[in-house]
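Chemist: generate coordinates for the sequence data below:
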Amino acid sequence: MAFTSDNRPHVMGDLIAITGIVENGDTEADLSAFMTEILMAQMNPLEGAGAPGGATIDGTTVKFVDPGVASGGRLFALGKR
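Modeler: You can find the predicted model right below:
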């Protein structure tokens, strides 16, 4: 299980947007290497009718429902650097 971030994060002043892929079976992603505070996060399955999107935030960790599809899900998070 792992979160793989896209190569280039998007930065806007003191904000950073992180996107990436979560593997099938994952239920959380630690973003402490990228940001000090998560303002919002969303995870959606990459295909078909997987688990519902959405996420909860616990410090710098995003918690979500297992994507439920073989290809995993796409995570988007906006936070402070």
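Chemist: just the buried residues of stretch 24-44, please?
Modeler: Going by neighbour count (16 or more other CB atoms under 10 Å), the buried part of stretch 24-44 is 24, 26, 28-29, 31, 34-35, 38, 41, 43-44. For every residue, glycine as well, the C-beta is placed using N, CA and C.
Chemist: what is the nearest of those to T61?
Modeler: Set against T61, the nearest of these by CB to CB is E28 (5.5 Å).
Chemist: tell me the bridge partners for K80.
Modeler: L15, E37 (DSSP bridges).
Chemist: how many residues are close by it?
Modeler: If you count neighbours by other CB atoms under 10 Å, K80 ends up with 12.
Chemist: of the buried residues of stretch 24-44, which is the nearest to G68?
Modeler: For these, the nearest to G68 is N24 (7.1 Å; CB to CB).
Chemist: mind telling me the two of the buried residues of stretch 24-44 farthest from one another?
Modeler: N24 and M35 (24.7 Å).
Chemist: from F3, how far off is I57?
Modeler: 14 Å (CB to CB, to the nearest Å).
Chemist: quick revisit: secondary structure added to the buried residues of stretch 24-44, as JSON lines?
Modeler: Below are these laid out as JSON lines (DSSP: H, G, I helix; E, B strand; the rest coil):
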{"residue": "N24", "secondary structure": "coil"}
{"residue": "D26", "secondary structure": "coil"}
{"residue": "E28", "secondary structure": "strand"}
{"residue": "A29", "secondary structure": "strand"}
{"residue": "L31", "secondary structure": "coil"}
{"residue": "F34", "secondary structure": "coil"}
{"residue": "M35", "secondary structure": "coil"}
{"residue": "I38", "secondary structure": "strand"}
{"residue": "A41", "secondary structure": "strand"}
{"residue": "M43", "secondary structure": "strand"}
{"residue": "N44", "secondary structure": "strand"}
